[in-house]
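K.L.:
A structural model of the following input is requested.
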Amino acid sequence: TVLYYSDGVTKLAEMAAENRKPIKLEEMGKLIVDATVATEDSRFFEHKGVDMHGVARAVFKNLAGGEMREGASTITQQLARNISELGIGREKKLRRKVAEAILAMRIEQTFTKQEILELYLNQIYYGSGAYGCEAAAHSYFHKPANKLTLAEASFLAGIPQRPKKFSEDFDAAIIRRDWVLKRMVEGHKITQAEADEVRKERL
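P.N.:
Residues are numbered from 1 along each chain as shown. Below is the predicted model of the structure:
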């Protein structure tokens, strides 16, 4: 809901249950897309909704640690989980993970990879009331997503893993940002020199 002054032009306030500004994938900018894929699902363009390599790795780590800590959700699975209308829910039970995997494969059959990325980046929660990368870019840096610097994009890409913590604990968010940069270097999206430069920047 948008409230205007009596001139009908000047905006007085906006009221919403969620701060969300949906945009097209091409409007998001390459940096936030690359940072997100490198962080959340480096094999996104290779799998069909469920990454069996990731599942095997997660099972091994969980067995080695003696408890269920490591997840293996792809971007498509996270999208399925985050759209409440699909009814998957967030309970940590095997049946939910199975339903999530099945729905993720159905999503991959219905939508292109670009469409899935667009849906995901408009849907995911970045803390501080911001849903989607455009709202997050404006909330944190007062600019559109396609104007984000590498330092800003890598910072935002790290938040969705634990939005409440990383939106409130700056030091933890910077540690997470550095991990995002590491993943981007490993995925050949940026050079080590670029990552090192970002780490020196004051955000």
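
K.L.:
use CA for all of it now, contacts and neighbours both
P.N.:
Will do.

K.L.:
Would you mind measuring from the nearest residue to residue 151 once chain neighbours are set aside to residue 172?
P.N.:
Distance criterion CA to CA, 6 or more residues apart in numbering; nearest residue to residue 151, sequence neighbours excluded, is residue 198 at 5.5 Å. Between residue 198 and residue 172 the computed distance is 16 Å (CA to CA, to the nearest Å).

K.L.:
Surely residue 190 and residue 184 touch.
P.N.:
Yes: with contact defined as CA atoms under 8 Å, residue 190 reaches residue 184; the gap is 5.9 Å.

K.L.:
who touches stretch 11-30?
P.N.:
With CA atoms under 8 Å, 6 or more residues apart in numbering as the test, stretch 11-30 has contacts from 1-5, 114-115, 117-118, 122, 129-135, 144-148.

K.L.:
can you do 10 Å?
P.N.:
Residues from elsewhere that reach stretch 11-30, judged by CA atoms under 10 Å, 6 or more residues apart in numbering: 1-6, 33, 36, 114-125, 128-139, 144-150, 153.

K.L.:
ok now do the nearest residue to residue 116 once chain neighbours are set aside, which residues does it touch?
P.N.:
Excluding the flanking residues, the one nearest residue 116 by CA to CA, 6+ apart is residue 76, at 6.8 Å. With contact taken as CA under 10 Å, 6+ apart, residue 76 is in contact with 41, 44, 47-51, 82, 100-101, 103-108, 113, 116-117, 119-120.

K.L.:
what does residue 127 give?
P.N.:
So residue 127 contacts 136, 139-140, 156, 159-160, 162-168 (CA under 10 Å, 6+ apart).

K.L.:
Now rank the residues you listed by neighbours and give me the top one.
P.N.:
With neighbours taken as other CA atoms under 10 Å, the top of the contacts of residue 127 is residue 156, carrying 29 neighbours.

K.L.:
Pretty sure that one sits against residue 124.
P.N.:
No: Residue 156 is beyond contact range of residue 124, at 11.2 Å (criterion: CA atoms under 10 Å).

K.L.:
Now the nearest residue to residue 129 once chain neighbours are set aside: phi and psi?
P.N.:
Distances taken as CA to CA, 6+ apart place residue 19 nearest to residue 129, at 5.9 Å, with adjacent residues excluded. Note on residue 19: backbone dihedrals following degrees, to the nearest 10 are phi -90, psi 100.

K.L.:
what's across from residue 19 in the sheet?
P.N.:
residue 130 (DSSP bridges).

K.L.:
From residue 199, how far off is it?
P.N.:
With CA to CA as the criterion, residue 19 and residue 199 are 29 Å apart.

K.L.:
And those two? Which one has more around it.
P.N.:
Neighbour totals were compared for residue 19 and residue 199, and residue 19 leads with 18 against 15 (other CA under 10 Å).

K.L.:
Can you give me the distance of that one to residue 33?
P.N.:
For residue 19, the distance to residue 33 - CA to CA - is 20 Å.

K.L.:
Brilliant, that's me finished.
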